[in-house]
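1. Okay, structure incoming, though there's no sequence with it:
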Ligand code: AMP
Ligand code: ZN
């Protein structure tokens, strides 16, 4: 099945073909955070969609090179630093750090590069692009000393957002606060310094100032990925004016098509409205963690709906994410138990086909892919209930799971698992079944309990069960020995 994505530019689902047909290498540019405050989970919906995209492309054999920019200079960052009374770099650093911490918590694969707009290399590139635009008549310096892009001279302006320039006059989408511009829709490439900018300024042929937000992305994208990119992503709010402007600037300089495919995700909503800083209806990752949810539960909740469908954030939705993951965990426990030592016999090739991947090939249809996973869980659970699933098939399901989980990254873990060591082999010697890697302390107690039971010291064995319970683990005695599992809800 061919890989198809909905291209915002053409408003059509198109077959994905890399820029260089003979090579598996593809370049993706993703608009990153503006580091003036902590990113909210709406922002992370966009980053999770991009993670799903990257991981699925990799599962299909592509070698993805992904760049995500960090916007560390704009009106909001300057205002924030001013209000906090600290230098801009100090102000933005705390939010850069928080962004990486939150992204790791959600198991988002790191991009290959995170260029920052204030890096002198990129400032130089921005200046050279603006100079090229001026020399082509596509930009001009106005009386206020700022440099603007002349949208009337770029015939394709409006093609991404699908509206024409006349509409731009009436939609009110562009703030009319720059009176020196030739056209209301002309956007700033270089903003002349004013006293509110304080010491935030760079020298340029047009006097001291700072770059506009849009030129930052065009410069970083072309500096790191060249004149043409395979895929460019962001949330739908980025389509206009940001991505429209990126096209005008980049193509204005190079004369070549800038992006082959534009992918945009719908918003995360709260009560039907976009989750955003300005509306104040947002939650950060720490807000959701503080309610007792884990990073993987947030990951699930943000990923489960197709990226082009709006997703309403609710605590019920978080609870459903928890239940769905518990269902997966229990299924994996049962499969591991059923597979027994066939687990270790390793890579039994799955004969389960590629329905999961095929669903994702269809514009990342994650709800169909998850539907297929849960149908498979029901089917194999039924077979296990009826004792009809042999060890080899159970092991094959596990192999299949490992394959699809490279994309999903839903395995148990978070803080608990980071401190874990594999104790499986050692524990088996004491007749203990473990469904997953368990912490050292739990393994020690489990081993002690297995020995107490062998010695028929049931009082001690009960005490140890209580201790395990207190750590969030359950010891059950089965005909095959004690079984250690995580306590439901722990
Ligand atoms: P910003 O930091 O505002 O530049 O946004 C970073 C990324 O998050 C951009 O790709 C935005 O389109 C995206 N974004 C912002 N709010 C939401 C939301 N409520 N739902 C989904 N994506 C969002
Ligand atoms: Zn951008």
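-> Ah, there it is. Since the structure is predicted, the reported quantities are computational estimates derived from the model, not experimental observations. Ligands and ions are numbered 1, 2, ... in the order given.
2. got the contact list for residue 310?
-> Residues near residue 310 by C-beta atoms under 8 Å, 6 or more residues apart in numbering: 266-269. The C-beta positions use only the backbone N, C-alpha and C, and glycine is treated the same way.
3. let me redo that: residue 393
-> 380, 383 are the contacts of residue 393 under C-beta under 8 Å, 6+ apart.
4. Excluding chain neighbours, what is closest to the residue of the stretch 301-450 of the chain found nearest ligand 1?
-> Proximity of the stretch 301-450 of the chain to ligand 1 (C-beta to the nearest ligand atom) peaks at residue 311, 7.9 Å away. Once flanking residues are discounted, residue 311 sits nearest to residue 305: 4.3 Å by C-beta to C-beta, 6 or more residues apart in numbering.
5. Surely that neighbour is in contact with residue 364?
-> No. Counting by C-beta atoms under 8 Å, residue 305 stays clear of residue 364, with 10.9 Å between them.
6. neighbour-wise, which of these two wins?
-> Taking other C-beta atoms under 10 Å, residue 305 and residue 364 do not tie; residue 364 has more neighbours (26 against 20).
7. What pLDDT does the model give the residue of the stretch 301-450 of the chain closest to ligand 1?
-> For residue 311, the model assigns a pLDDT of 97.
8. Could you report the neighbour count for it?
-> Residue 311 has 21 nearby residues by other C-beta under 10 Å.
9. cool, and the one 5 residues further on?
-> One way to gauge burial is a neighbour count; for residue 316, by other C-beta under 10 Å, it gives 9.
10. and it, backbone torsions?
-> phi -60, psi -40 (degrees, to the nearest 10).
11. how far away is it from residue 24?
-> Residue 316 is 41 Å from residue 24, where distance means C-beta to C-beta, to the nearest Å.
12. This structure against ligand 2: which residues are in contact?
-> Contacts of the chain with ligand 2, taken as C-beta under 5 Å from the ion, map to 31, 217.
13. How is the chain partitioned into domains?
-> The chain breaks down by automatic domain parsing into domains covering 4-270, 325-411, 414-486.
14. residues in the chain within reach of ligand 1, list them.
-> Residues of the chain lying near ligand 1 by C-beta under 6 Å from any ligand atom: 31, 33-34, 42-43, 45-46, 234-235, 237-238, 265, 267-268, 274-276.
15. could you flag which of these are buried?
-> 31, 33-34, 42-43, 45-46, 234-235, 238, 265, 267-268, 274-276 (16 or more other C-beta atoms under 10 Å).
16. now, which of those lie within strands?
-> Of these, the ones assigned to strands by DSSP state E are 234-235, 265, 268, 274.
17. what's the closest of those to residue 258?
-> Nearest to residue 258 among those: residue 234, at 13.8 Å, using C-beta to C-beta.
18. Please pull out the lowest mean pLDDT helix or strand from this structure.
-> Across the helices and strands of the chain, the lowest-confidence element by mean pLDDT, DSSP states H and E is strand 420-421, at a mean of 36.
19. Surely residue 151 touches residue 164?
-> No. Contact status for residue 151 versus residue 164: not in contact, 10.9 Å apart, counting by C-beta under 8 Å.
20. Just say helix, strand or coil for residue 54.
-> Under DSSP: H, G, I helix; E, B strand; the rest coil, residue 54 falls in the helix class.
21. can you start the count at 806 instead of 1 from here on
-> From this message on, residue numbering opens at 806, which makes the last subject residue 859.
22. quick one on the thing from earlier: out of residue 956 and residue 969, which sits in the busier spot?
-> Neighbours per residue, other C-beta under 10 Å: of residue 956 and residue 969, the larger number sits with residue 956, 24 against 11.
23. What does the pLDDT read for the more buried one?
-> We have a pLDDT of 96 for residue 956.
24. list the contacts for it?
-> 962, 970, 973, 988, 990-992, 1053.
25. how close does the residue in the stretch 906-1055 of the chain that ligand 2 sits nearest to sit to ligand 1?
-> Per C-beta to the ion, residue 1022 is where the stretch 906-1055 of the chain lies closest to ligand 2, at 3.3 Å. From residue 1022 over to ligand 1 the distance is 10 Å, taken as C-beta to the nearest ligand atom, to the nearest Å.
26. Repeat that for residue 957.
-> 27 Å.
27. Hmm, residue 970 and that residue touching each other?
-> Yes. With contacts counted by C-beta under 8 Å, residue 957 reaches residue 970, the gap being 7.0 Å.
28. Quick check: neighbours shared by these two?
-> Here residue 957 and residue 970 share the contacting residues residue 988, scored by C-beta under 8 Å, 6+ apart.
29. and residue 1246, what does it touch?
-> Per C-beta under 8 Å, 6+ apart, neighbours of residue 1246: residue 1276.
30. Relative to residue 1275, how far out is it?
-> The value you get for residue 1246 to residue 1275, if C-beta to C-beta is used, is 11 Å.
31. ditto for residue 1282
-> Counting by C-beta to C-beta - residue 1282 and residue 1275 are separated by 19 Å.
32. Show me the beta-bridge partners of residue 869.
-> Following DSSP bridges, residue 869 is listed with bridge partners residue 831.
33. if we can go back for a sec, comparing the domains of the chain, which yields the minimum mean pLDDT?
-> Of all the domains of the chain, the minimum mean pLDDT falls on domain 1219-1291 (a mean of 72).
34. I'd like to know how far the spatially closest residue to residue 1117 that is not a sequence neighbour sits from residue 1040.
-> In this structure, residue 1117 finds its nearest non-sequential neighbour in residue 1074, 4.9 Å apart by C-beta to C-beta, 6+ apart. Noted for residue 1074: a distance of 12 Å to residue 1040, by C-beta to C-beta.
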